[in-house]
Structures are given as C-alpha cells and as structure tokens.
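Engineer: give me coordinates for this.
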Amino acid sequence: MARYIAEGVESIGGIQARLRCVPSVSTTCEAVEPDIPEQGAIYAELDDLRHCAGLA
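Structural biologist: Below is the predicted model:
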C-alpha cells in the first residue's frame, strides 16, 4: 500500500516520496537489536518527520 501511495505522490512533478518503516513490536530487548535493520526498509528518523510536507 505504501508503495502505491509513493507512486501517486511522485506522479506530481517536483515531489519526491520516501518510504520508511518503524521497528516491529517484539519480545526481544531493544538493547540487543540493531539500530538500523540489516535488510529491508530503513526506520523513520526524527529528521524524516521534521522535513516532510505530508505523512501517510
């Protein structure tokens, strides 16, 4: 769904979409999980939210 939204956003000239994710809810202690996943989409960071014009 997010990819379809990004395609729609980018169909407008001069607009760029960024796909980000949030950490999964897990029983694993966050202290042993990597800050950035080794594969897959990168996590959203505070600057991604500060500099966005919209959020879906």
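Engineer: could you measure from Ile12 over to Cys21?
Structural biologist: 23 Å (CB to CB, to the nearest Å). For the C-beta atoms, the positions are set from N, CA and C on the backbone; glycine is no exception.
Engineer: next: Val9.
Structural biologist: 17 Å.
Engineer: between these two, which one's more packed in?
Structural biologist: Legend: neighbour count by other CB atoms under 10 Å for Val9 and Cys21, higher for Val9 (15 against 12).
Engineer: in space, what's closest to the residue nearest the centre of the chain - neighbours in sequence excluded?
Structural biologist: With distances taken as CA atoms, centre = their mean, Arg20 lies nearest the centre of the chain, 0.8 Å away. Take Arg20 and drop its neighbours on the chain: the residue closest to it by CB to CB, 6 or more residues apart in numbering is Ala44, 3.7 Å away.
Engineer: quick one, what contacts that neighbour?
Structural biologist: Counting by CB atoms under 8 Å, 6 or more residues apart in numbering, Ala44 makes contact with Arg20, Cys21, Val22.
Engineer: out of those, list just those in helices.
Structural biologist: Within the contacts of Ala44, no residue falls in helices by DSSP state H.
Engineer: ok, of those, which one's closest to Arg50?
Structural biologist: Nearest to Arg50 among these is Arg20, at 12.9 Å by CB to CB.
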